[in-house]
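Asker: Need coordinates for the below:
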Amino acid sequence: MQSSVSNPKPAAFTENKYLLTLVFVTSLFMFWGIAITMGDVLNKHFQHVLSLTKTQSAFVQFAIFGAYFVMGIPAGLFMKRFGYKAGVLLGLGLFATGSFLFVPAASAASFPYFGLALFILGCGLSTLETVAHPFVASLGDQRTSDQRINFAQAFNALGAIMGPAIGSYFLLRNNTEGSTDLTSVKMLYIAIGSVIAGIAVLFSFVKVPALNDPHAAADPDAANVDLEPEKSLFQHRHFVWAVIAQFFNVAAQGGTWAFFINYGHEKMGFSDATAGNYMVLFMALMLAGRFVGTFLMRFIAPNSLLAIFAASNILMCLIVAQSWGWPSFIALLMLNFFFSIMFPTIFSLGLKNLGPHTQQGASFISMGVCGGAFFPFAMGAVADYDVATAYYLPILCYAVIFLFGAKFSKAH
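Answerer: Numbering: from 1, shown residues only. Here you go, the predicted structure:
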């Protein structure tokens, strides 16, 4: 779409009045990054202390990502009714509550109770993601929303580095054969819940400035204006593509991350703790990819860069599945570098020019995250026989993402 209004000045990253709010909301990306990747460490820890198979332990991801499907629409409706700030506070409240529920779950040594705690925690993460992405996108010019969301997601990647580092130190470092001790899980999640509750109190005092009114904008490229208001939300093809792409994107993420430690242990001969430490490098590459991707978007259209990164990950999966030792393990690490821009870029592209449909659109794109609830079961079933072979499965996911990026201009 071309704007009928010329604007020779380059679009600014954001405006000064939004800086404090942007900093605060960006920090939230880091906290749910910690929580998501902590689930991957819990997956392996529960295999030990609760004697679960890989397929059974995949319920950790099912509980977290399944909450995205359940909470996506309610979070969007809440955000539309009460605003972005109230949505953030609701998400933080659910996040803290789920964390504190780990205490009775650990005391009972019950995996179903852990599932309930993880589900409520996941509802908090779903609410935060549903709110935070359109929130960040609205803090400035729409033409730089891809850059802002990728920048904010870089701090999500920082949290994703911290998650396995913290989890490996407190949960995997002292694993002993036959141990059923869950004290470390209990203490860790008490600390997480306390920090998140404190963040919620602090954010309640932040004054959010009035956001740009897209209906009053002179330039439809600059603000999120629906240029085809006669269409319903699902008649916007680029949005529908984004929901589908996000489902497959998080499906690939959930499976790839859930069995990373298993791959390191079974194919490379690492101890669980060493494999957990390599997961820190794995997440560091995602952080690097988001900063590199944010920079490259100044020169390459975001949808084109998305297609390039998706094609690269198809190649990486093929190499990982061959079990070639270090070459395959390096390819496994590189999956996260190329994965880096996918979630935020799909989200941002899907929200463009939705106008008053933006909050509802964010809900459905967040619901696409439920792909991460189901795919680890499929990969886990294959991984119970051979963890390397399981990495053929994400190729389908990256093929869908490639098509979304390659065809975005026509769909939009």
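
Asker: contacting residues around the residue lying closest to Phe100 once chain neighbours are set aside?
Answerer: Distance criterion Cβ to Cβ, 6 or more residues apart in numbering; nearest residue to Phe100, sequence neighbours excluded, is Gly193 at 4.4 Å. Bear in mind the C-beta positions are built from the backbone N, C-alpha and C, glycine included. For Gly193, the set of contacting residues under the criterion of Cβ atoms under 8 Å, 6 or more residues apart in numbering consists of 95-100, 102.

Asker: Cross those residues against strands and list the overlap.
Answerer: For the contacts of Gly193, membership in strands holds for none, with DSSP state E as the criterion.

Asker: which of the residues you listed lies closest to Ala406?
Answerer: Nearest to Ala406 among the contacts of Gly193, counting by Cβ to Cβ, is Phe95 at 36.0 Å.

Asker: Ranking by neighbours, what's the top pick from the contacts of Gly193?
Answerer: When neighbours are counted by other Cβ atoms under 10 Å, Phe95 leads these with 29 neighbours.

Asker: Distance-wise, check it relative to Leu19.
Answerer: Applying Cβ to Cβ, to the nearest Å, one obtains 25 Å for the distance of Phe95 from Leu19.

Asker: Could you list the low-confidence segments of the stretch 1-150 of the chain?
Answerer: Across the stretch 1-150 of the chain, residues meeting the criterion (pLDDT under 70) sit at 1-10.

Asker: do the stretch 201-350 of the chain as well
Answerer: Flagging of the stretch 201-350 of the chain using pLDDT under 70 yields the residue ranges 211-227.

Asker: Which residue ranges of it form helices?
Answerer: Under the criterion DSSP state H, counting those that start in this stretch, the stretch 201-350 of the chain contains helices at 237-258, 260-268, 272-296, 302-320, 326-339, 342-351.

Asker: returning to that earlier point: can you redo the contacts of Gly193 as a markdown table with distance to Asp146?
Answerer: As requested, the contacts of Gly193 are arranged in a markdown table below (distance: Cβ to Cβ, whole Å):
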| residue | distance to Asp146 |
| --- | --- |
| Phe95 | 26 |
| Ala96 | 31 |
| Thr97 | 33 |
| Gly98 | 31 |
| Ser99 | 32 |
| Phe100 | 36 |
| Phe102 | 36 |
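
Asker: sorry, back to before: could you say which of the helices of the stretch 201-350 of the chain is packed most deeply?
Answerer: Taking mean count of other Cβ atoms under 10 Å as the contact definition, the stretch among the helices of the stretch 201-350 of the chain with the greatest mean neighbour count is helix 342-351, which reaches a mean of 28.

Asker: Tell me the gap between it and the middle of its chain.
Answerer: For helix 342-351, the distance between its averaged C-alpha position and the chain's averaged C-alpha position is 11 Å (Cα atoms, centre = their mean, to the nearest Å).

Asker: Which strands or helices does that helix pack on?
Answerer: Helix 342-351 makes packing contacts with helix 111-137, helix 145-167, helix 237-258, helix 302-320, helix 358-367, helix 394-411 when contacts are defined by 3 or more Cβ pairs under 8 Å, 6 or more residues apart in numbering; DSSP states H and E.

Asker: Now do the SS call for the residue nearest to Gln359 when sequence neighbours are not counted.
Answerer: Here the nearest residue to Gln359 in space, its sequence neighbours aside, is Lys80; by Cβ to Cβ, 6+ apart that works out to 4.5 Å. Under the three-state scheme (DSSP: H, G, I helix; E, B strand; the rest coil), Lys80 adopts helix.

Asker: To what extent is Lys80 buried, counted in neighbours?
Answerer: By other Cβ under 10 Å, neighbour count at Lys80 equals 16.

Asker: got it, and the one 10 residues further on?
Answerer: In terms of burial, Leu90 registers 22 neighbours under the definition other Cβ under 10 Å.

Asker: rewinding a little: buried ones in the helix or strand the residue nearest to Phe100 falls within?
Answerer: Remark: Gly193 resides in helix 183-203, with elements defined by DSSP states H and E. Buried positions in helix 183-203, judged by neighbour count with 16 or more other Cβ atoms under 10 Å: 184-185, 188-189, 192-193, 196-197, 199-200, 203.

Asker: Repeat that for stretch 156-169.
Answerer: In stretch 156-169, residues buried by neighbour count (16+ other Cβ under 10 Å) are 156-169.

Asker: can you redo those residues as JSON lines with pLDDT?
Answerer: Formatted as JSON lines, these follow (pLDDT from 0 to 100):
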{"residue": "Asn156", "pLDDT": "83"}
{"residue": "Ala157", "pLDDT": "80"}
{"residue": "Leu158", "pLDDT": "85"}
{"residue": "Gly159", "pLDDT": "86"}
{"residue": "Ala160", "pLDDT": "79"}
{"residue": "Ile161", "pLDDT": "82"}
{"residue": "Met162", "pLDDT": "86"}
{"residue": "Gly163", "pLDDT": "84"}
{"residue": "Pro164", "pLDDT": "78"}
{"residue": "Ala165", "pLDDT": "81"}
{"residue": "Ile166", "pLDDT": "85"}
{"residue": "Gly167", "pLDDT": "82"}
{"residue": "Ser168", "pLDDT": "78"}
{"residue": "Tyr169", "pLDDT": "82"}
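
Asker: for the residues you listed, which one is nearest Ser340?
Answerer: Proximity of the buried residues of stretch 156-169 to Ser340, judged by Cβ to Cβ, is greatest for Ala157, which lies at 6.6 Å.

Asker: now the residue nearest the centre of the chain, nearest residue through space, not along the chain?
Answerer: Geometric centre of the chain, nearest residue: Phe343, 6.3 Å, by Cα atoms, centre = their mean. With sequence-adjacent residues excluded and distances taken as Cβ to Cβ, 6+ apart, Phe343 is closest to Asn249, at 6.1 Å.

Asker: Okay, the one you found and Phe299: tell me how far apart.
Answerer: When Cβ to Cβ is applied, the distance between Asn249 and Phe299 equals 23 Å.

Asker: Name the next helix or strand following the lengthiest helix in the chain along the chain.
Answerer: For the chain, the helix reaching the highest residue count under DSSP state H is reported as helix 19-49. Past helix 19-49, further along toward the C-terminus, the next helix or strand under DSSP H and E is helix 54-57.

Asker: Quick check: which helices or strands does that following helix pack against?
Answerer: Counting contacts by 3+ Cβ pairs under 8 Å, 6+ apart, helix 54-57 is packed against helix 19-49, helix 371-383.

Asker: Only C-alpha atoms, please: export it in PDB.
Answerer: Output for helix 54-57, consisting of C-alpha atoms alone and laid out as PDB, is shown next (Å, rounded to 0.1, in the frame of the first residue of the first chain):
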ATOM      1  CA  LYS A  54      10.000 -37.100  27.400                       C
ATOM      2  CA  THR A  55       6.500 -37.300  26.000                       C
ATOM      3  CA  GLN A  56       5.000 -36.900  29.500                       C
ATOM      4  CA  SER A  57       7.300 -34.000  30.400                       C
END
